[in-house]
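Q: generate a structure from the sequence data that follows.
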Amino acid sequence: MSREDGPRRDDRAGRDERPRRDGGGQDARRDARGRQRGEARVQGRAARTTAAPSQRARQGDAARGAAYDTLRAVADSDAYANLVLPPLLRERRVAGRDAAFATELAYGTLRLQGRYDAVLEQASSRPLAQVDPPVLDVLRMGAHQLLGMRVPPHAAVSETVGLARERVGAGAAQFVNAVLRRVAEQPLDVWLTRVGDAADPTGEDVVARLAAVESHPAWVVRALRESLVGSGRSADELAALLEADNAPPRVTLVARPGLVTPAGLAEQVDAVPAGLAPTALVLTGGDPGAVPAVRDGLAGVQDEGSQLVTLAFAAAPVDGRDERWLDLCAGPGGKAALLGALAAGRGARLVANEVQPHRARLVEQALRAVPRDAVEEVRTADGRTVGELEPGAYDRVLLDAPCTGLGALRRRPESRWRRTPADLATLGALQRALLASALAAVRPGGVVGYVTCSPHLAETQLVVLDGLRAATRAGTPAEVVDAAPVLAGVAPAWEPVTGRTDVQLWPHVHGTDAMHLTLLRRL
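A: Numbering: from 1, shown residues only. Next up is the predicted model:
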């Protein structure tokens, strides 16, 4: 019997696998006739005699089960992992280290799905296209434990086979066992070389190699390389950027000005200053939801990059009055809450607009601690119509435009596999319409902040260029405001890129999502 075909080893019980003697002094490796028995058969016999068949079917643990159910929800219902997993963990009372394990297992498996599929393709006896999706998800989870987590190989294989037996059947569990044992035969660096060589046999296709090794669709790799160059950085940073996309993001808190100070927030939680945004703290331990300031809305969970672009927008100089601000696409409310807190401290009022009613309710919740006189209204409306209905009504307009989210691949692990180049056309039309509305809604001398959580040039620089041309034709001309000194004013440690008037943040450079900011002043 080969290693791959052997029964599952149950290492969880800490079984001593050395030859044992029974009560009569006979080697337990020998049967009643004195024949030598293989270790695998001894273990298999022990496993068969210690549990009833109905009990043997339930081998998976709660953390792995929650991760598996999250993967299936993502695959079957187009759900978002960050919306599915936390409620599952609460419902099943998975907490502490087990919850952290389940989170890394689910999110890491999704992020590195492309890499693991390439590994499994080589380790499997059949093409992955012929493997049922539920079985493939189990295999991916096993591969992540073996190659991406500090799980001992015997535990990774045995626990994953147990989960397979429970969820997809005994026959599939044998297949999972065989494939994962082959994966376990080689360390990650060997597999990465094999995967890269298979994708790029001639050694000349850097995009294909990086796409396979760093688990990104090839079109995304090409787009990110173009974005680096187009933003004044080197294409040589591409590998580091992709690697950063695959790292779990830091949990960053925002201390909303006037509601709580960073020092006051730090007294309630294990956290350290983030390094760029003066409002940002990086959580070093604990549950952010358990922090009193977060529960009360005085603080929130918000990426440092999101904080930086919001602070820079609010700091951009305007000509004349500065009393009425608009967040045009406000859901789910993180930027709106930070803007509302800033507005309260400056005697301004914020209007938060959101097209989706359920997201508008999230905005109301985010703004619950902001002084009422600083929030004029939270409303549900199509942002594309605001400029026509309220021309020149605002001193500042923030447009956090809907986008592909390629700048937040660390946070939305499934999004890299869902987005396609076709999305750029649909989103581009929406972005241009929203920018036209924002430029019409701001008064002359006022400022528009165009923000995306994507560095894709088609969603950033090209939209702005087209938007400026369209605004001139529409009679609402605008000019670009140099955002570099504005951001430097709120984040002195930030180092601008020479020759750029916009701001592009990067995970591998700044430790943030790849947020983009262009500032425009209405003429």
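Q: contacts only, for Arg384.
A: 430, 433-434, 436-437 (CB atoms under 8 Å, 6 or more residues apart in numbering). No exception for glycine: its C-beta is placed from N, CA and C like everyone else's.
Q: of those, closest to Pro257?
A: Leu434 (27.1 Å; CB to CB).
Q: tell me the SS of that closest one?
A: With DSSP: H, G, I helix; E, B strand; the rest coil as the basis, Leu434 sits in helix.
Q: help me confirm that Ala75 comes into contact with Val135.
A: No: the criterion here is CB atoms under 8 Å, and Ala75 misses it with Val135 at 12.0 Å.
Q: mind checking the SS state of Arg443?
A: Going by three-state DSSP: Arg443 is strand.
Q: distance of it from Leu224?
A: 37 Å (CB to CB, to the nearest Å).
Q: so what's Thr160 up against?
A: Contacts of Thr160 (CB under 8 Å, 6+ apart): 64, 138, 141-142, 145, 176, 180.
Q: look at it and give its secondary structure.
A: Going by three-state DSSP: Thr160 is helix.
Q: where does it land on pLDDT?
A: Thr160 carries a pLDDT value of 97.
Q: tell me how far it lies from Asp69.
A: Thr160 sits 15 Å away from Asp69, going by CB to CB.
Q: same check on Ala341?
A: Following CB to CB, the distance that separates Ala341 from Asp69 is 38 Å.
Q: who's more crowded, those two?
A: Comparing Ala341 with Asp69 by neighbour count (other CB atoms under 10 Å), the higher total belongs to Ala341, at 27 against 18.
Q: OK, contacts around the closest residue to the more buried one other than its chain neighbours?
A: Using CB to CB, 6 or more residues apart in numbering and skipping residues adjacent in sequence, the residue nearest Ala341 is Arg256, 3.9 Å away. Contacts were defined as CB under 8 Å, 6+ apart; by that measure Arg256 touches 279, 297-300, 337-338, 341, 369-370.
Q: tally of neighbours for Val497?
A: As a measure of burial, Val497 has 14 neighbours, counting by other CB under 10 Å.
Q: check whether Leu88 really touches Ala66, as I assumed.
A: Yes: judged on CB under 8 Å, Leu88 makes contact with Ala66 at a distance of 4.7 Å.
Q: with pLDDT added, can I get the contacts of Arg384 in TSV?
A: Compiled in TSV, these are given as follows (pLDDT from 0 to 100):
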residue	pLDDT
Leu430	98
Ala433	98
Leu434	98
Ala436	98
Ser437	98
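Q: how about these in JSON lines, adding neighbour count and distance to Arg500?
A: Listed next are these as JSON lines, based on neighbours: other CB atoms under 10 Å; distance: CB to CB, whole Å:
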{"residue": "Leu430", "neighbour count": "16", "distance to Arg500": "25"}
{"residue": "Ala433", "neighbour count": "18", "distance to Arg500": "26"}
{"residue": "Leu434", "neighbour count": "25", "distance to Arg500": "23"}
{"residue": "Ala436", "neighbour count": "20", "distance to Arg500": "24"}
{"residue": "Ser437", "neighbour count": "25", "distance to Arg500": "26"}
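Q: helix, strand, or coil at Val480?
A: Strictly by three-state DSSP, Val480 counts as strand.
Q: report pLDDT for Gly25.
A: Gly25 is given a pLDDT of 39.
Q: got it, and the one 3 residues further on?
A: We have a pLDDT of 39 for Ala28.
Q: ranges for the strands of the protein?
A: Secondary structure of the chain (DSSP state E): strands at 252-255, 270-273, 280-285, 299-301, 324-327, 349-354, 375-380, 394-400, 442-452, 478-481, 503-504, 516-522.
Q: Met149: which of those is closest?
A: Using CB to CB, the strands of the chain put strand 280-285 closest to Met149, at 19.5 Å.
Q: other SSEs contacting the closest one?
A: strand 252-255, helix 262-266, strand 270-273, helix 304-315 (3 or more CB pairs under 8 Å, 6 or more residues apart in numbering; DSSP states H and E).
Q: measure stretch 145-160 end to end?
A: Using CA to CA, to the nearest Å, the end-to-end distance of stretch 145-160 comes to 9 Å.
Q: neighbour count: Ala75 and Val135, which is higher?
A: More neighbours surround Val135 than the other of Ala75 and Val135, with 20 against 16 (other CB under 10 Å).
Q: show me where the protein dips below the pLDDT cut-off.
A: 1-60 (pLDDT under 70).
Q: contact partners for the residue nearest the centre of it?
A: Nearest to the geometric centre of the chain sits Arg411, at 1.4 Å (CA atoms, centre = their mean). Arg411 makes contact with 82, 249, 303, 513, according to CB under 8 Å, 6+ apart.
Q: name only those of the residues you listed that count as buried.
A: 249, 303, 513 (16 or more other CB atoms under 10 Å).
Q: hang on, the earlier thing: narrow the contacts of Arg256 to those in helices?
A: Among the contacts of Arg256, the ones falling in helices (DSSP state H) are 337-338, 341.
Q: and the contacts of Arg256, which is closest to Arg111?
A: Distances from Arg111 to the contacts of Arg256, taken by CB to CB, are shortest for Gly300, at 24.2 Å.
Q: now for the closest one, how many residues are close by?
A: Using other CB under 10 Å, Gly300 has 22 other residues around it.
Q: next one: Arg233
A: 19.
Q: that one and Leu505 touch, don't they?
A: No: with contacts counted by CB under 8 Å, Arg233 stays clear of Leu505, the gap being 11.4 Å.
Q: and Ala263, how far from Gly345?
A: Distance of Ala263 to Gly345, given as CB to CB: 17 Å.
Q: and those two? which has more neighbours close in?
A: Between Ala263 and Gly345, counted using other CB under 10 Å, Gly345 has the larger neighbour count: 15 against 10.
Q: show me what contacts Ala441?
A: 326, 328, 386-387, 390-394, 397.
Q: now, of these, which are buried?
A: Listed as buried from those are 326, 328, 386-387, 390, 393-394, 397; burial here means 16+ other CB under 10 Å.
Q: for those, which one is nearest Pro152?
A: Looking across the buried ones among the contacts of Ala441 and measuring by CB to CB, the closest to Pro152 is Leu328, at 51.3 Å.
Q: wait, isn't that closest one in contact with Leu398?
A: Yes: contact status for Leu328 versus Leu398: in contact at 6.5 Å, counting by CB under 8 Å.
Q: distance of Ala143 relative to Tyr68?
A: For Ala143, the distance to Tyr68 - CB to CB - is 13 Å.
Q: do the same with Ala401
A: With CB to CB as the criterion, Ala401 and Tyr68 are 35 Å apart.
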